[in-house]
Structures are given as C-alpha cells and as structure tokens.
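A.B. asks: Provided below are the primary sequence and the corresponding predicted coordinates.
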Amino acid sequence: MMGALKNHRDEHVSVSVEELVPQNHFLHAIEATISFDFIEEKLRPYYCGNNGRPSIHPIVLFKMMFIGYFYGIRSERQLEKEIRMNIAYRWFLGFSLSDT
C-alpha cells in the first residue's frame, strides 16, 4: 500500500532557531570563543547617528565575511543565498527564520 503524499509547506510551527542548531556545531564554538564587540567599538566613529539610511550592523557584516571565509563561499551573492538557506548561519548572525 502506498502512503498518502502530505504537503506541510504551509504549516506554522513555533520553533527556536537555537533549538535547530546542534550545540557541537562549529559556529557555536566560534560564538562561545570570540567576542565580536570590539568591531562595534572600533567602527563607531565612522557611523553617523543622526542622518543617512540605517545600515547593516558591522558585527553582522564581519560575521558574514567570517562565514564566507570558513565555508569557502567566495561570492557575496552566493553568500547571501547561503545565509537565506542555512539555519546555522542565520543563528550565528542573530537572524530569525523570518528575517530577509
């Protein structure tokens, strides 16, 4: 007997990104080992607080480049696609599943 084909693509569930990334994942070790706060401190003088468009946070940009380097993603366009698809990358960057 053939089982029924089920479509769960529109299913809504409550899940934490933290729960989806194994504790032994490489990016967990990096997050626990390296404090990226120094990036914000070093770059704060180069950002204007009262004009211009909101930017991507410099720590997020640094972590994106970090992912690209360690996972051999040389193209920034490809890196963007990988970040959209990879839950561990999204967790490392502090993104939710619904962030675009």
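C.D. replies: Arrived safely, thanks for sending.
A.B. asks: which residues touch the nearest residue to Val17 once chain neighbours are set aside?
C.D. replies: Leaving aside its sequence neighbours, Val17 sits nearest to Trp91 (Cβ to Cβ, 6 or more residues apart in numbering; 4.8 Å). (Each C-beta comes from the backbone N, C-alpha and C, glycine too.) Contacts for Trp91 (Cβ atoms under 8 Å, 6 or more residues apart in numbering) come out as Val17, Glu18, Leu20, Val21, Leu27.
A.B. asks: in PyMOL, select just the buried ones from those residues.
C.D. replies: Buried subset of the contacts of Trp91, written as a PyMOL selection, criterion 16 or more other Cβ atoms under 10 Å:
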select buried, resi 17+21+27
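A.B. asks: out of the contacts of Trp91, list just those in strands.
C.D. replies: Among those, no member falls in strands (DSSP state E).
A.B. asks: let's have the contacts of Trp91 in JSON lines, adding distance to Leu43 and pLDDT.
C.D. replies: As requested, the contacts of Trp91 are exported to JSON lines (distance: Cβ to Cβ, whole Å; pLDDT from 0 to 100):
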{"residue": "Val17", "distance to Leu43": "26", "pLDDT": "88"}
{"residue": "Glu18", "distance to Leu43": "27", "pLDDT": "91"}
{"residue": "Leu20", "distance to Leu43": "30", "pLDDT": "92"}
{"residue": "Val21", "distance to Leu43": "27", "pLDDT": "95"}
{"residue": "Leu27", "distance to Leu43": "22", "pLDDT": "97"}
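A.B. asks: what's the closest of the contacts of Trp91 to Tyr71?
C.D. replies: Leu27 (9.7 Å; Cβ to Cβ).
A.B. asks: I figured that closest one hits Thr33, correct?
C.D. replies: No. Using Cβ atoms under 8 Å as the test, Leu27 is too far from Thr33 to be in contact (10.6 Å).
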